[in-house]
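Engineer: Need a 3D model of the following:
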Amino acid sequence: MEKITSKSNNLIKETAKLFTSRKARYENHQFALEGARLCFDAINSGYAPEMLFFTEELQSKYPAEIEKAVAASKRAALISSEVSAKLSETQTPQGVFAVCAMKPFAERAEQGKKYIALDNLQDPANLGAILRTAEALGIGGAILYNCCDAYNPKALRAAMGSSLRLPMIISDNLVRDITELKANGFSVFATVPDRDAQDITKISFPASSVCVIGNEGNGISDEVKAASGNLVTINMLGRAESLNASMAGAIAMWEMLR
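Structural biologist: Residues are numbered from 1 along each chain as shown. Down below sits the predicted model:
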């Protein structure tokens, strides 16, 4: 087992870039995970890490899990607490990190399944929370248009492993993709803070359907609303004018599957 004690080690530098740079992630088709739960969950979800790093303290705390993780990884290294602090994106690092290859994104939505589509979502915490809820409720997958990176460390932590398993479709033109979905039998609904829109609790969502959640500040674009055709709203009795995107997404997905 190799040991790394220097923060200037090239492998450590390259791994650190995966935490901080979207460009580095997509150029290398790799992403980095931090923390016992996420790293072990990735292995239990079928990932074989390209690289596994862990401290002696972490190994002492999770001996069986580390043994399994090392066996599943292509390469592993014992690191010092200083190197762990260099890699960590948190104030209190647990001392375990994994570098994994990205799996291919899904190419298209499957008939008979319900999807959540995200239009220009920019908060990694919101994105991760929606992906976590989507998997928990049994949503078929997520369509991401012009969103922050699902492999951003904050998004990965918020998703708690769900983004490693939930099918994700990357859209480069949501209006075009909505038009194609409708042509293939999908019903598409756009959520808006508009009392004149249909009450989402009164909608009977078809087996093949998509519900769109919009940007945190600006909501869904006019072009996407027009392409969707069906405008739905979550009626609110209080004085709040809108909901947090992840909360709106959770309610919308619950109603889709109710």
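
Engineer: Quick check: residue 94 vs residue 38, distance?
Structural biologist: Look at residue 94 and residue 38: by CB to CB, to the nearest Å, they are 10 Å apart. Where you see a C-beta, it was placed from the backbone N, CA and C, and this is true even at glycine.

Engineer: meant to ask about residue 108, not that
Structural biologist: Distance from residue 108 to residue 38, counting by CB to CB: 28 Å.

Engineer: Compare neighbour counts for those two and give me the winner.
Structural biologist: Between residue 108 and residue 38, counted using other CB atoms under 10 Å, the more crowded position is residue 38 (21 against 13).

Engineer: Tell me the pLDDT of that one.
Structural biologist: Listed pLDDT for residue 38 reads 96.

Engineer: after the host helix or strand of it, next one along is what?
Structural biologist: Here residue 38, judged by DSSP states H and E, is contained in helix 36-44. Going down the chain from helix 36-44, the next helix or strand is strand 51-54, by DSSP H and E.

Engineer: What lies in contact with that following strand?
Structural biologist: 4, 11, 15, 39, 66, 69-70, 73-79, 83-84, 87, 95-99 (CB atoms under 8 Å, 6 or more residues apart in numbering).

Engineer: Kindly report the same for stretch 184-199.
Structural biologist: 109, 111, 117, 178, 181-182, 200, 203, 205-206, 208-214, 219-220, 224-225, 227-235, 241-243, 248, 252.

Engineer: So for that stretch, what gets flagged as buried?
Structural biologist: By neighbour count on 16 or more other CB atoms under 10 Å, the buried set for stretch 184-199 is 186-193, 197.

Engineer: Rank those by pLDDT and give me only the lowest.
Structural biologist: Among those, pLDDT bottoms out at residue 193, giving 89.

Engineer: Now that one. Its backbone dihedrals?
Structural biologist: In terms of degrees, to the nearest 10, the main-chain angles of residue 193 are phi -80, psi 70.

Engineer: roughly how far apart are it and residue 224?
Structural biologist: 15 Å.

Engineer: again with residue 150
Structural biologist: Distance from residue 150 to residue 224, by CB to CB: 19 Å.

Engineer: which intervals of the stretch 151-258 of the chain have sub-threshold pLDDT?
Structural biologist: Applying pLDDT under 70 to the stretch 151-258 of the chain flags residues 238-242.

Engineer: got the residue ranges for the strands in the chain?
Structural biologist: Secondary structure of the chain, counting by DSSP state E: strands at 2-4, 30-34, 51-54, 76-79, 96-101, 114-119, 141-145, 168-171, 187-191, 198-199, 209-213, 230-233.

Engineer: what's the spacing between the last one and its chain's center?
Structural biologist: Think strand 230-233. Centroid separation for strand 230-233 versus its chain: 25 Å, with CA atoms, centre = their mean, to the nearest Å.

Engineer: And the shortest one, by the same measure?
Structural biologist: Distance, stretch centre to chain centre, for strand 198-199: 28 Å (CA atoms, centre = their mean).

Engineer: ditto for the fifth one
Structural biologist: Between the centre of strand 96-101 and the centre of its host chain there is 16 Å, according to CA atoms, centre = their mean.

Engineer: now do the fourth one
Structural biologist: On the basis of CA atoms, centre = their mean, strand 76-79 is displaced by 27 Å from the centre of the chain it belongs to.
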